[in-house]
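**Q** my questions are about this predicted structure, shown below with the sequence.
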Amino acid sequence: MKPDLAVEPLASWIKTDGKPLIIAGPCSAETEEQLCETARQLAQQNAVHVIRAGVWKPRTRPGSFEGMGEAALPWIQRAKAETGLPFAVEVATPEHIELALKYGVDILWIGARTTVNPFNVQEIADALRGVDVPVLIKNPVNPDLALWVGAFERIAGAGITKLGAIHRGFSTGESSKYRNIPMWQLAIELKSIFPQLPMIGDPSHMAGKRAYLYELAQMAMDLNYDGLIVESHIDPDKAWSDAAQQLTPAAFGEMLDHLHIRTVQSENLEFKGALEQLRQKIDNTDRQLVEMLAARMALVEKLAEYKRDNNVTLFQPDRWKEILKTRTEQAKKFGLYPELVEEIYKIIHMESIRKQTEVMNSAEA
Ligand SMILES: C=C(O[C@@H]1C=C(C(=O)O)C=C[C@H]1O)C(=O)O
């Protein structure tokens, strides 16, 4: 089954004057004053198109602040009236959807901890049937592209066409300076499955710390993301949740001012000419790379025939160690990341072993 979604272009349901969509607001709605004052200061930034706030917070362990629930919804109505900006809220159950819509929430998002659970997502989809509301879907907590794709299929299956993806980073078990590791390639793969789908970066949840917000927001812009969702609080250090990653509306505005917004194409003829020439050279280099890989593989196969006839194991630990050592040293000399070359050689080695297994088995047959 080839996935396909009917997606309305972002510009048809939210006006951003051709600029990236900016969604900002506190992690959680804590008090009426905190929410309305944060919204007011964010609206002053002029660059903000939508206010966000968590009302129902899925927390890893009980005992943390789990959101104000329905009590916060009238505050959202007030923040909307005072700023004139639409409002986005996370929903995780049919009841959340019913309440959010009752109080005039404009945009819903499905959180990473919900996207992981197809039962949950289907319940949400069923509750959305017949409703015309934009829905943004965060990536699942774990790097499972199919789960993310499935969530879009379920929500689109309920007739929702104003859709967007939020890349908030992943829990992979690897250690990283980031709270949730961005997997830019995985998000690119989602985009290649659903090219029309707007992609929004969530530097706050990727970063976990204010200090990393700018670099992640810029990376999203460099990858042509359609927008950003960022947590902002009038007094971040006193926030009841996610204190370390929120920043004041003024600091947020300053960060936005420093972002370089780029376009996918340029009409500059000199640029277009240079691009064309360099891409031709890249094409040639890539063809040589593929040819070299094929040549290497042919040598490996030949070697496997000797191993087969002399009853020698395919895997040769000492040789493999030497290859990794010399190739990463060569990489450094050429100014390449040794880790990159190491990863490439791991893949080549796996394929080399697979090919040699074929040669071995062909003899035994
Ligand atoms: C090709 C060989 O077999 C395996 C594959 C290697 C490779 O692709 O370079 C290296 C060591 C072996 O684990 C070999 O023994 O040299």
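**A** Thanks, I have it.

**Q** okay, CA-based contacts and neighbour counts for the rest of this
**A** Noted.

**Q** contacting residues around residue 79?
**A** Residues in contact with residue 79 (Cα atoms under 8 Å, 6 or more residues apart in numbering) are 35-36, 39-40.

**Q** what residues does the stretch 51-200 of the chain put near the ligand?
**A** Within the stretch 51-200 of the chain, no position is near the ligand by Cα under 6 Å from any ligand atom.

**Q** which residues in the stretch 51-200 of the chain form strands?
**A** 87-90, 107-110, 135-138, 163-167, 199-201 (DSSP state E, counting those that start in this stretch).

**Q** okay, and which of the contacts of residue 79 map to helices?
**A** The helices, defined by DSSP state H, take in 35-36, 39-40 from the contacts of residue 79.

**Q** surely residue 264 is in contact with residue 224?
**A** Yes - taking Cα atoms under 8 Å as the definition, residue 264 is a contact partner of residue 224 at 6.9 Å.

**Q** with neighbour numbers in mind, choose between the two.
**A** residue 224 (16 against 7; other Cα atoms under 10 Å).

**Q** how close does residue 75 sit to the ligand?
**A** 63 Å (Cα to the nearest ligand atom, to the nearest Å).

**Q** wait, isn't that residue in contact with residue 34?
**A** No - Residue 75 is beyond contact range of residue 34, at 9.7 Å (criterion: Cα under 8 Å).

**Q** so what's residue 203 up against?
**A** Contacts of residue 203 by Cα under 8 Å, 6+ apart are 168, 212-214, 216-217, 228-230.

**Q** now render the contacts of residue 79 as a markdown table, adding pLDDT and distance to residue 194.
**A** As requested, the contacts of residue 79 are exported to a markdown table (pLDDT from 0 to 100; distance: Cα to Cα, whole Å):
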| residue | pLDDT | distance to residue 194 |
| --- | --- | --- |
| 35 | 98 | 35 |
| 36 | 98 | 36 |
| 39 | 98 | 32 |
| 40 | 98 | 35 |
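
**Q** look at residue 155 and report its pLDDT.
**A** Note on residue 155: pLDDT of 98.

**Q** these two touch, right, it and residue 122?
**A** Yes - taking contacts as Cα under 8 Å, residue 155 lies within contact range of residue 122: 7.5 Å.

**Q** show me which of these two is the more surrounded one.
**A** Neighbour tally, residue 155 and residue 122, criterion other Cα under 10 Å: the higher count belongs to residue 155, 25 against 20.

**Q** if I pick the nearest residue to that one once chain neighbours are set aside, what's in contact with it?
**A** Of all residues not flanking residue 155 in the chain, residue 125 sits nearest, at 4.8 Å (Cα to Cα, 6 or more residues apart in numbering). By Cα under 8 Å, 6+ apart, residue 125 lies in contact with 154-158.

**Q** highest neighbour count among those?
**A** residue 155 leads the contacts of residue 125 on contacts (other Cα under 10 Å) with 25 neighbours.

**Q** show me what contacts that one?
**A** Contacts of residue 155 by Cα under 8 Å, 6+ apart are 121-122, 124-125, 128.

**Q** that one and the ligand: what is the separation?
**A** 46 Å.

**Q** can you show me the helices along the stretch 151-300 of the chain?
**A** For the stretch 151-300 of the chain, applying DSSP state H, counting those that start in this stretch gives helices covering 184-193, 203-207, 213-222, 249-258, 269-309.

**Q** correct me if wrong: residue 51 contacts residue 24.
**A** Yes - in this structure residue 51 lies within contact range of residue 24 using Cα under 8 Å: 5.1 Å.

**Q** list residues touching both of the two?
**A** residue 42.

**Q** more crowded one of those two?
**A** residue 51 (31 against 27).

**Q** give me the residue from the stretch 251-365 of the chain nearest the ligand.
**A** Residue nearest to the ligand within the stretch 251-365 of the chain (Cα to the nearest ligand atom): residue 315, separated by 3.5 Å.

**Q** so what's the residue count around that residue?
**A** Around residue 315 there are 13 residues (other Cα under 10 Å).
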